[in-house]
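*Asks:* No letters, just coordinates:
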């Protein structure tokens, strides 16, 4: 028996498509249960879930990590699978996600997110995901499992405490680092696909970058070795906020001391250099996205940097 846990907060609009896709899996229906962990919704989330005949467990609004943990505590399956309420899994998702657990040494698995959107920014976000999936795929065992398409052995998940409910985002990063540092084997399953809705505007894209960086900074403070190097995020991307923020005071100082203008140019050139690997990756798939990628990454660097600063500051408080 496997258990699929879906944290849901005011997910009435999107939950139905997720559940319908789960009920149409190639895996035998009696081989898995579906649990919707209602995180204090005030809309018709519970009604949508019950209309599909799936189990619903509820809690006051405490965030997705706490909701996933609640679902895991109520689960009967030996393998816990996690999906987001706004995701639509491919018909083979459960079958593909559970296949690696035939190896008793495997503790966790991550699938891949894709999108059916044609919007420019959504396609750019998808290429960012694809770029990082290719990095992860170079490793036999990985150090990141995305909670929106994840699977864990229930006994290990519970023994290690599950998700950190104090984190409103990046709780999957923290759990992944925690498990990886304990020597647990995590794998990427490239044919375990779920479809997501990515940001469709530059503003929404930047906001997501800010929010995610804010919580990820707290995680990196706990695992400083990962702050310098993890399998998913290139070191060049981690340098981008430092370069972007260094340009601002240097540019202001250059008005007083003109010689510093060369330092601004140097920072800008180095920053552009850090965008080349991703831009080249995009060029082979979409030349338009490749052209807008450097400027988009520059704006994202400020959003990431501001979010990280807030994350470190809130951790100190």
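*Replies:* Yep, it's here. The model shown is predicted, which means the values in this text are computed figures rather than measured ones.

*Asks:* Would you state the strands of the stretch 151-300 of the chain in chain order?
*Replies:* For the stretch 151-300 of the chain, the strands defined by DSSP state E, counting those that start in this stretch occupy 185-195.

*Asks:* show me where it has helices.
*Replies:* Per DSSP state H, counting those that start in this stretch, the stretch 151-300 of the chain carries helices over the ranges 154-159, 171-181, 202-222, 224-228, 235-254, 261-283, 287-316.

*Asks:* before we move on, what about the stretch 1-150 of the chain?
*Replies:* Under DSSP H, counting those that start in this stretch, the stretch 1-150 of the chain gives helices at 12-22, 45-51, 64-74, 93-98, 120-137.

*Asks:* Rebuild the helices of the stretch 151-300 of the chain as TSV, extending it with mean pLDDT.
*Replies:* Below are these laid out as TSV (pLDDT from 0 to 100):
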stretch	mean pLDDT
helix 154-159	95
helix 171-181	95
helix 202-222	93
helix 224-228	84
helix 235-254	87
helix 261-283	92
helix 287-316	89
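
*Asks:* Now for residue 57, how many residues are close by?
*Replies:* 15 (other C-beta atoms under 10 Å). All C-beta spots, glycine's among them, are computed from the backbone N, C-alpha and C.

*Asks:* Kindly state the beta-bridge partners for it.
*Replies:* Listed by DSSP bridges, the beta-bridge partners for residue 57 are residue 37.

*Asks:* Quick one: residues contacting it.
*Replies:* Residue 57 is in contact with 35-38, 70-71, 74, counting by C-beta atoms under 8 Å, 6 or more residues apart in numbering.

*Asks:* please redo it, this time with the cut-off set to 7 Å
*Replies:* By C-beta atoms under 7 Å, 6 or more residues apart in numbering, residue 57 lies in contact with 35, 37-38, 70-71, 74.

*Asks:* what's the closest of these to residue 295?
*Replies:* Residue 295 lies nearest to residue 37 out of the contacts of residue 57, by C-beta to C-beta, at 39.5 Å.

*Asks:* How many neighbouring residues does the residue nearest to residue 181 when sequence neighbours are not counted have?
*Replies:* Nearest residue to residue 181, sequence neighbours excluded (C-beta to C-beta, 6 or more residues apart in numbering): residue 223, at 7.1 Å. When neighbours are defined as other C-beta under 10 Å, residue 223 has 17 of them.

*Asks:* what does residue 72 give?
*Replies:* 21.

*Asks:* I'd like the distance between it and residue 138.
*Replies:* Distance, residue 72 to residue 138, using C-beta to C-beta, to the nearest Å: 30 Å.

*Asks:* Over to residue 289?
*Replies:* 23 Å.

*Asks:* These two: who's more crowded?
*Replies:* When residue 289 and residue 138 are compared on other C-beta under 10 Å, the one with more neighbours turns out to be residue 289, at 21 against 9.

*Asks:* Verify the stated contact: the more buried one with residue 125.
*Replies:* No: applying C-beta atoms under 7 Å, one finds residue 289 not in contact with residue 125, separated by 10.0 Å.

*Asks:* picking that back up, please work out which of the helices of the stretch 151-300 of the chain is packed deepest.
*Replies:* Of all these, helix 171-181 carries the top mean neighbour count, a mean of 22, counting by mean count of other C-beta atoms under 10 Å.

*Asks:* Which strands and helices lie in contact with that helix?
*Replies:* If contacts are counted by 3 or more C-beta pairs under 7 Å, 6 or more residues apart in numbering; DSSP states H and E, helix 171-181 sits against strand 185-195, helix 202-222.

*Asks:* on that earlier part again, residue 235 is nearest to which of the helices of the stretch 1-150 of the chain?
*Replies:* Per C-beta to C-beta, nearest to residue 235 of the helices of the stretch 1-150 of the chain: helix 120-137, 11.1 Å.

*Asks:* Give me the spatial nearest neighbour of residue 19, chain neighbours excluded.
*Replies:* residue 52 (4.5 Å).

*Asks:* Make a markdown table out of the helices of the stretch 1-150 of the chain and add mean pLDDT.
*Replies:* Putting the helices of the stretch 1-150 of the chain into a markdown table (pLDDT from 0 to 100) gives the following:
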| stretch | mean pLDDT |
| --- | --- |
| helix 12-22 | 97 |
| helix 45-51 | 96 |
| helix 64-74 | 96 |
| helix 93-98 | 98 |
| helix 120-137 | 96 |
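
*Asks:* Which one, of those helices, ends up nearest to residue 145?
*Replies:* Closest approach to residue 145 among the helices of the stretch 1-150 of the chain (C-beta to C-beta): helix 120-137, 9.9 Å.

*Asks:* just checking, what packs against the closest one?
*Replies:* If contacts are counted by 3+ C-beta pairs under 7 Å, 6+ apart, helix 120-137 sits against strand 106-114, strand 185-195, helix 202-222, helix 261-283, helix 287-316.
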